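Asker: Would you be able to build a 3D model of this:
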Amino acid sequence: MFQFIKSPDIFRTPYHRSALWDPQSPLHDTIMETLPPKELKTASLRRKVEFAAGRWCAAKAIQSLDPKYPVSVGINTDGSPRWPEGIVGSITHAEGYVSAAVARYGDCLNLGIDSEKCAKEESAEELAAVVLRNDEEPLLLNSPLSRPQAVTLVFCAKESAYKCLYPLVKRPFEFDAFRLRGINFGTRTFRFDLTDTLSFDFPEGAGIDGRFEVGGVFIHAAVELFENRLRS
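Answerer: Below is the predicted model of the structure:
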């Protein structure tokens, strides 16, 4: 089963498609055509279906942006999506959920999206040790979310920011490069400061904004980067 659903309200762009999928369903044969024949040759069936589902959503998002664009989304050597010229985008998968968002390059410098199934109570502190800086803990003290939800949210937010910046700075970096400066649970927005200079265009102290949504068992976060939103 592959069912399109309403996308979370985390982007300005309307070119965002999301779906639920069941890796056991034979209906997945209809979307496996989106899988490049030489890609993921040795991957598990689940990974292949997940990949195809993500590309399917990406193709639908591109078609809604402009049907003149080619809808094929390949793979770069680092494993990231290779978007058609003139398009920026991001794809996320999370245990039966997949989502893709795109925009025209120029309208948007880049974007990043991440969705995660909420961490379980027993694993939340392990995740917190990986994703939370000591100076970020106070920002979660008055959270209306449960501890597992709040920790998963910070992970999602940092992952979406990483996906947005990585193609622009063209080098890997650690989550510690993002310091959570503020989170507003009413407006569902968050803000990071860069703690390191990632490139000339992304110096230490620059600010990155994003939005989030808690939907059922999933947490969603997104960053859209516009040049006029970089702050120091």
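
Asker: Flag the shaky bits of the chain, pLDDT-wise.
Answerer: For the chain, the stretches with pLDDT under 70 are 1, 23-40, 227-232.

Asker: same for the helix of greatest length in the chain, what does it pack against?
Answerer: In the chain, with assignment by DSSP state H, the single longest helix is helix 147-169. Judged by 3 or more Cβ pairs under 8 Å, 6 or more residues apart in numbering; DSSP states H and E, the packing partners of helix 147-169 are strand 87-93, strand 110-117, helix 124-131, strand 178-184, strand 189-194, strand 207-215, strand 218-225. In short, each C-beta sits where N, CA and C put it, glycine included.

Asker: List of residues touching the third one?
Answerer: Taking contacts as Cβ atoms under 8 Å, 6 or more residues apart in numbering, the residues outside helix 124-131 that touch it are 119, 147-148, 151-152, 154-155, 158, 175.

Asker: ok, 7 Å please
Answerer: 119, 147-148, 151, 154-155, 158, 175 (Cβ atoms under 7 Å, 6 or more residues apart in numbering).

Asker: same check, this time on the shortest one
Answerer: Contacts to strand 189-194, defined as Cβ under 7 Å, 6+ apart, come from residues 157, 161, 177-183, 202, 204-212.

Asker: Only the buried subset of those, as a PyMOL command please.
Answerer: Buried subset of the contacts of strand 189-194, written as a PyMOL selection, criterion 16 or more other Cβ atoms under 10 Å:
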select buried, resi 157+161+177+178+179+180+183+202+206+208+209+210+211+212
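
Asker: What is the burial count for G79?
Answerer: Neighbour count for G79, taken as other Cβ atoms under 10 Å: 6.

Asker: On the three-state scheme, it is what?
Answerer: coil (DSSP: H, G, I helix; E, B strand; the rest coil).

Asker: Just read off the phi/psi values of it.
Answerer: Per-residue torsions, G79: phi 90, psi -10 (degrees, to the nearest 10).

Asker: any idea how far F226 is from it?
Answerer: Using Cβ to Cβ, to the nearest Å, G79 is found at 26 Å from F226.

Asker: go on, V102?
Answerer: Counting by Cβ to Cβ, the gap from V102 to F226 is 15 Å.

Asker: Of these two, which one has the most company?
Answerer: Neighbours of V102 and F226, each counted by other Cβ under 10 Å, are more numerous for V102; the result is 32 against 14.

Asker: on that earlier part again, for the longest helix of the chain, which positions count as buried?
Answerer: 148-167, 169.

Asker: on that earlier part again, okay, the helices and strands packed on helix 147-169 in a markdown table with distance to I10 next?
Answerer: A markdown table is the format used below for the helices and strands packed on helix 147-169 (distance: least, Cβ to Cβ, whole Å):
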| stretch | distance to I10 |
| --- | --- |
| strand 87-93 | 11 |
| strand 110-117 | 7 |
| helix 124-131 | 19 |
| strand 178-184 | 14 |
| strand 189-194 | 10 |
| strand 207-215 | 4 |
| strand 218-225 | 4 |
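
Asker: Of those, which stretch is the most buried?
Answerer: Among those, ranked by average contacts under mean count of other Cβ atoms under 10 Å, first place goes to strand 218-225 (a mean of 26).

Asker: In its sheet, which strands sit next to that strand, and in what direction?
Answerer: Applying DSSP bridges to the sheet, strand 218-225 is found paired with strand 110-117 (antiparallel), strand 207-215 (antiparallel).
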